[in-house]
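> Dropping a prediction and its sequence here:
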Amino acid sequence: MENDFSYVGENLKRIRDNVREACAKAGREEDSVRIMAVTKTVAPEIVNYAIQQGMDLLGENRVQEFLSKKDIYLKSAEVHMIGHLQTNKVKYIINDVSMIQSVDSEKLLAEISRLAVKNGRTMDILCEVNIGGEDSKSGIAPEALRGLLEKAAQTEGVRLRGLMTIPPPSDSDIFLGRMKELYDSFSDEFSMDVLSMGMTHDYAAAVRMGSTLVRVGTGLFGARNYAI
């Protein structure tokens, strides 16, 4: 019997409705926010079902898992790397993703640049900010961000598009607000147009705070099956 993935379509409709409502409350156009399907541990056939329902953006956390699934994915969806990325893994994804959202050091920036130039392409990037100063999370400290942005703006083979963050869940609204302020302070100077913040538990609040890209996994696919 064929698997029934209809719950994914129902969840996607609910997420779209929530984003639409949050945009309306913030006086924003609905198309100013992209919804990303975070695919960590999700079987590729379920991801493909979401793509068939109109999902056009996937977020990958782990290089090895992405490599095991990328050839199965329908090609109509764009893929971003959103997880912490080691410099020695960049070579495996440089030609298969359209954006790297987790750039948090000049070392990683330099390796992306080297491989992008070598492969004759320009890689869109976001600088990841550890807005809550949490030891358990990657990302550059807010006070060190300007230096990384300046370096990225001058680096061959990359195009700085904006910022990404994962705020502390306990005070999400406070840190979403701080992140928006940080983004606003740099967006014009560095011609940024992407603010990636908001996950299953806080994406509606993130949209109200100005996020242009929300990353939803559990809210779309259900609780993660770590056995996959």
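Looks like it arrived, so ask away. Residues are numbered from 1 along each chain as shown.
> use CA for all of it now, contacts and neighbours both
Noted.
> Can you tell me the centre-most residue of the protein?
Per C-alpha atoms, centre = their mean, the C-alpha nearest to the average position across the chain is that of residue 82, at 4.8 Å.
> That one and residue 98 touch, don't they?
No. Look at residue 82 against residue 98 with C-alpha atoms under 8 Å: they stay out of range, at 11.2 Å.
> contacting residues for residue 32?
Residues in contact with residue 32 (C-alpha atoms under 8 Å, 6 or more residues apart in numbering) are residue 212.
> contacts for the helix ranked longest in the chain?
Assignment by DSSP state H gives helix 6-26 as the longest helix of the chain. Residues outside helix 6-26 that contact it (C-alpha under 8 Å, 6+ apart) are 29-30, 33, 35, 49-50, 53, 203-205, 207-209, 219-221.
> swap the cut-off to 6 Å and go again
30, 204, 208, 220, 221 (C-alpha atoms under 6 Å, 6 or more residues apart in numbering).
> what is the mean pLDDT for that helix?
Averaging pLDDT along helix 6-26 gives 97.
> mind listing the helices in the protein by residue range?
6-26, 44-52, 63-69, 90-93, 106-118, 145-153, 172-187, 203-208, 218-221.
> buried residues in the longest one?
Spelled out, it's helix 6-26. 8, 9, 11, 12, 15, 16, 19, 20, 21, 22, 23 (16 or more other C-alpha atoms under 10 Å).
> and which of these is nearest residue 71?
residue 8 (21.3 Å; C-alpha to C-alpha).
> Determine which two of the contacts of helix 6-26 are furthest apart.
208 and 221 (23.3 Å).
> Tell me which of those two has more neighbours.
When residue 208 and residue 221 are compared for neighbours, residue 221 comes out ahead with 25 against 21, by other C-alpha atoms under 10 Å.
> need the contact list for that one.
Per C-alpha under 6 Å, 6+ apart, neighbours of residue 221: residue 8.
> Look up how far residue 47 lies from it.
8 Å (C-alpha to C-alpha, to the nearest Å).
> Compute the distance from the centre of stretch 159-168 to the centre of its chain.
8 Å (C-alpha atoms, centre = their mean, to the nearest Å).
> contact partners of it?
Against stretch 159-168 from outside (C-alpha under 6 Å, 6+ apart): 124-129, 132, 175, 192-197.
> average model confidence for it?
The average pLDDT within stretch 159-168 is 96.
> got it, and stretch 102-121?
Rounded mean pLDDT across stretch 102-121 is 98.
> Same check on stretch 213-223?
96.
> Adjust the sequence numbering to begin at 7 for everything that follows.
Done: numbering now begins at 7, and the last item shifts to stretch 219-229.
> Between the two ends of it, what distance do you get?
Across stretch 219-229, first to last residue, C-alpha to C-alpha, it's 21 Å.
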